[in-house]
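using only what follows, build the 3D model:
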Amino acid sequence: MTTTSDGAKSVFRIAVLASGSGSNLQAIIDRLHHPQFQLVDTDEEAASGDDMAPGQGDERAGDEPAGAGEAAAALEAGAPRVEVVLVISDVPGARALQRAERAGIRTAVIPARDFSDRVEHDLALVTMLCEAEPDLIVLAGYMRIVSPALLKAFPWRVINLHPALLPAFPGTHSINDAVRYGVKVTGVSDVHGAIWNAHGLDIRQLSDHVANTGTVVGFAEAEPIDPEQLLCQPCDILAPCALDRAITADNAPKLRCKLLAEGANGPTTPEADRILDARGDVFVIPDILCNAGGVTVSYFEWVQNLQRFQWEEQDVISKLEVILAKAMAKVSDFAQRHHIPNRMAAQALAIKTVADAKAARGLFP
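From the prediction side, this is the model:
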């Protein structure tokens, strides 16, 4: 943290690691520029006996957002200003870098493919981060599992915005689930490239390869393929699970899958969505439903914390499967009855659920 000549804290420095479009980074940037936001000195907070963050609590009348008065008072009292001082990506050309540059934030690219293993890559990250002297490191859509080298260099200063998206088994839970159900996986891609084997990939060997190299590229039992071409290969299930806007108006007419499972947030553009709807031969599981597992399990974690009782892993998986199966059945039935796409059906059901709850609860302060 930057301090003034009299030792007072002046700037709370944030470094962000991002791999993709940078929507989470943009949310951070927008929030920091909101007049409501300010980091309140924890000593003053403790003295006031108020343990709520700025902006929490009762809504207030008028145009001034809740917490704006406290933010102004904090500024006058000398509370530190919060800044994003560095954005690092492992993907050259990532949109997150463009967002950072537009906001006047320093950027850097450290591609994983330039290093022999994950530890070497993270040590390079540590070197650059040390130069930035961050008080907090935020993983905002960072699609790599960080090594202990990074965590040890910045103890208690690394936070992941989406921990449910980075399980202990790096990024392959859905693939393993598919294999367990007897599905043959023929192609896989990551930020570095894509591989293809029409006879099927050995997922256990591929997982070992990724653990050792940090990428699917170079797997001996598969042929390299252009990631864009991979999307258009014949298959039963196509699951875009990383970046948004992967399915576009250009490649939507060329898809040869029977089912599109949107594991990522917003992988299909509105233009592509209309094309797939007009085609009528691709069953779409929309992102709001397909990738809801992470949020649902986060809810399970909250329930367990309230109960002070930890469930077994199989309990979590079985409860999750029941909830997702019921949701899928409701969406599919609603779509068929009203002759609308699955995406619209899922959104309609979500809105109706909220509307019904509001009607039952009534107005409240």
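
doesn't A108 fall inside a strand?
Yes. Counting by DSSP: H, G, I helix; E, B strand; the rest coil, A108 is found in a strand.

my guess is it contacts E131, does it?
No. With contact defined as C-beta atoms under 8 Å, A108 does not count as touching E131 (9.7 Å). In this view, the C-beta of every residue, glycine as well, is placed from N, C-alpha and C.

show me where the stretch 101-250 of the chain has its helices.
118-132, 148-153, 173-180, 203-213, 227-231 (DSSP state H, counting those that start in this stretch).

and for A108 and E131, which residues touch both?
Shared contacts of A108 and E131 (C-beta atoms under 8 Å, 6 or more residues apart in numbering): none.

quick one: which of the two has more around it?
A108 (17 against 10; other C-beta atoms under 10 Å).

list the contacts for that one?
For A108, the contact set (C-beta under 8 Å, 6+ apart) comprises L86, V87, I88, S89, M128.

so what sits opposite it in the bridge?
I88 (DSSP bridges).

give me the distance between it and D287.
30 Å (C-beta to C-beta, to the nearest Å).

ok so, going back, with pLDDT, distance to G280 and neighbour count as extra columns, can I get the contacts of A108 in CSV?
What follows is the contacts of A108, written out as CSV (pLDDT from 0 to 100; distance: C-beta to C-beta, whole Å; neighbours: other C-beta atoms under 10 Å):
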residue, pLDDT, distance to G280, neighbour count
L86, 96, 48, 22
V87, 96, 42, 28
I88, 96, 44, 24
S89, 93, 38, 27
M128, 95, 50, 13
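
tell me the one of those residues nearest M328?
M328 has its nearest neighbour among these in S89, at 34.5 Å by C-beta to C-beta.

so that closest one makes contact with S19?
Yes. Here S89 reaches S19: they are 6.1 Å apart, a contact under C-beta under 8 Å.

common neighbours of those two, please.
A96.

domains of this structure?
Domain ranges of the chain: 2-39+80-161, 173-293+325-351, per automatic domain parsing.

now distance to F309 too, for these, in a markdown table please.
As requested, those are exported to a markdown table (distance: least, C-beta to C-beta, whole Å):
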| stretch | distance to F309 |
| --- | --- |
| domain 2-39+80-161 | 25 |
| domain 173-293+325-351 | 21 |
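
contacting residues for L32?
Contacts of L32 by C-beta under 8 Å, 6+ apart are V82, E83, V84.

count the neighbours of the first one for me.
Which is V82. 17.

do the same with the last one
Using other C-beta under 10 Å, V84 has 22 neighbouring residues.

please name the bridge partners of it.
I14.

so which of the contacts of A108 comes closest to Q205?
Nearest member of the contacts of A108 to Q205, counting by C-beta to C-beta, is S89, at 29.0 Å.

could you measure from the closest one over to E101?
From S89 to E101 the distance is 11 Å (C-beta to C-beta).

repeat that for D117.
When D117 is compared with E101 (using C-beta to C-beta), they lie 30 Å apart.

pull up the overlap in contacts between S89 and E101.
By C-beta under 8 Å, 6+ apart, the residues touching both S89 and E101 are T107.

following the helix or strand harbouring S318, which helix or strand comes up?
Per DSSP states H and E, S318 falls inside helix 313-338. The first helix or strand that comes after helix 313-338 along the chain, using DSSP H and E, is helix 342-361.

contacts for that next one, please.
273, 283-286, 288-289, 330-332, 334-335, 338, 340.

buried ones among these?
Among the contacts of helix 342-361, those classed as buried by 16 or more other C-beta atoms under 10 Å are D273, V284, I285, P286, I288, L289, V331, S332, F334, A335.

pLDDT below threshold where in the stretch 101-250 of the chain?
Within the stretch 101-250 of the chain, the segments meeting pLDDT under 70 span 162-182.

stretch 291-304: how far from the chain's middle?
With C-alpha atoms, centre = their mean, to the nearest Å as the basis, stretch 291-304 stands 14 Å off its chain's centre.

please disregard the earlier target; I meant stretch 283-302.
A distance of 12 Å separates the centroid of the chain from that of stretch 283-302, by C-alpha atoms, centre = their mean.

mean confidence for that stretch?
Taken as a whole, stretch 283-302 has a mean pLDDT of 92.

ok, now stretch 262-269?
Here the average pLDDT along stretch 262-269 is 93.

ok, back up a step: and the two most separated of the contacts of helix 342-361?
Farthest pair in the contacts of helix 342-361, by C-beta to C-beta: D273 and K330, 20.5 Å.

what inclination does the helix holding S318 have with respect to helix 342-361?
For helix 313-338 against helix 342-361, the angle by axes from the mean of the first three to the mean of the last three C-alpha atoms, to 10 degrees is 100 degrees.

for helix 313-338, give the mean pLDDT please.
88.

just the buried residues of it, please?
V316, L320, I323, A327, M328, V331, S332, F334, A335.

which helices and strands does it pack with?
When contacts are defined as 3 or more C-beta pairs under 8 Å, 6 or more residues apart in numbering; DSSP states H and E, helix 313-338 packs onto helix 287-290, helix 293-307, helix 342-361.

if we can go back for a sec, dump the helices of the stretch 101-250 of the chain into CSV; add distance to Q26 as well.
Output for the helices of the stretch 101-250 of the chain, formatted as CSV (distance: least, C-beta to C-beta, whole Å):
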stretch, distance to Q26
helix 118-132, 20
helix 148-153, 24
helix 173-180, 27
helix 203-213, 29
helix 227-231, 24
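
nearest to S298, of the ones you listed?
Once the helices of the stretch 101-250 of the chain are compared by C-beta to C-beta, helix 173-180 is nearest, at 14.8 Å.

rewinding a little: out of the domains of the chain, flag the one nearest V303.
Nearest of those (C-beta to C-beta): domain 173-293+325-351, 15.3 Å.
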